[in-house]
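Peer 1: Predicted model and sequence below, questions to follow.
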Amino acid sequence: MKTQLIAMSIFAAFLFISCNSETTSEGVSQKMETLSNKAKAVAVLNSLETGDQTAVSYINPQKYIQHNLAVGDGLAGFGEVLKQKPEGGFKAKVIRAFEDGDYVFTHTEYDFFGPKIGFDVFRFENGLIVEHWDNLINVQPANPSGRTQTDGPTESKDLDKTVANKALVEAFVMDVLVNGKGEKITEYLSTEMYHQHNPAVADGLDGLGAALKYFADNGLVMEYHKVHKVLGEGNFVLTMSEGKFGQGDHTAFYDLFRVEAGKIVEHWDVIETIPPKSEWKNDNGKF
């Protein structure tokens, strides 16, 4: 249980604190009207470190659906998180943030009982956060190509190609990762440049092939069974998928792709084991 609490979303802990603060001033209301949902989500995460209470007003205290399975639903479940808060508090540095309709997805470096990397997804209604998903992993050394889990481009472009890029990435995940059509991989991934940020995989198609061969040779699995969400802004696309990994553990795959000229050229990911249902703290499911 302690391990699960350590792996909890920092956002959950902050939200519990936030719901008890006074945030109804006219100035805050005016600021809310001028900020995008993306800016609100980033402000909430950054305030973990800065203590800025303005961000409290960006969360709906009456409706909050939690998909971190180690945290109880709504606000009542967050008290247990606070009991585990370290003396030095929490830290968060948002590396990337993107907006797709009512959704915002972020790529963040945390210090939460040790350095971690996470993807957070927020859903908004009427300008307020009402739902949250996340995937977290410990920070690991640079991969064989010297890339870290978060470095690389951070700003989106080609906003007019968002729909096409989302379709490309979804087709790649479905064809190659879900349905195992490895022969189609070059239809989606660039053969000239493919930068990899998974800690265990080198750049290029050769690096990906070597990783897949290692799994096969050692009786390990990496199976994608279902794609739950595809979110995008311009040339960045995030997929949230479910499957099995390693020894066959039930797993959530969060994959962030960067697209250039109709091909996938860069990839970041966070892979997290889904606990058995007997250990869930809410009934909303991981996805």
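Peer 2: Sure, I can see it.
Peer 1: how about F105, what does it touch?
Peer 2: 97-98, 119-122, 231, 238 (Cβ atoms under 8 Å, 6 or more residues apart in numbering). Just so you know, the C-beta spots here come from the backbone N, C-alpha and C atoms, and that holds for glycine as well.
Peer 1: Could I get the CA-only coordinates of whichever strand or helix holds it as CSV?
Peer 2: Per DSSP states H and E, F105 falls inside strand 103-111. Extracted as CSV, the C-alpha positions of strand 103-111 are listed here (Å, rounded to 0.1, in the frame of the first residue of the first chain):
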residue,chain,number,x,y,z
TYR,A,103,-8.9,18.0,-22.8
VAL,A,104,-5.4,19.2,-21.7
PHE,A,105,-2.5,16.8,-21.6
THR,A,106,0.8,17.5,-19.9
HIS,A,107,4.3,16.0,-19.7
THR,A,108,5.8,16.8,-16.3
GLU,A,109,8.9,16.2,-14.2
TYR,A,110,7.9,15.6,-10.5
ASP,A,111,9.6,15.2,-7.2
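Peer 1: What residues sit buried inside the next helix-or-strand element following it?
Peer 2: Downstream of strand 103-111, the first helix or strand assigned by DSSP H and E is strand 115-125. Neighbour-count burial for strand 115-125, counted by 16 or more other Cβ atoms under 10 Å, picks out 116-124.
Peer 1: could you check the angle strand 103-111 makes with strand 115-125?
Peer 2: Between the axes of strand 115-125 and strand 103-111, defined by axes from the mean of the first three to the mean of the last three Cα atoms, to 10 degrees, the angle is 160 degrees.
Peer 1: Run me through the strand neighbours of strand 115-125, direction for each.
Peer 2: strand 103-111 (antiparallel), strand 128-138 (antiparallel) (DSSP bridges).
Peer 1: okay, and for this structure, where does confidence drop off?
Peer 2: 1-33, 75-85 (pLDDT under 70).
Peer 1: Mind jotting down where the strands sit in it?
Peer 2: 65-66, 91-100, 103-111, 115-125, 128-138, 195-196, 221-233, 236-246, 249-260, 263-273 (DSSP state E).
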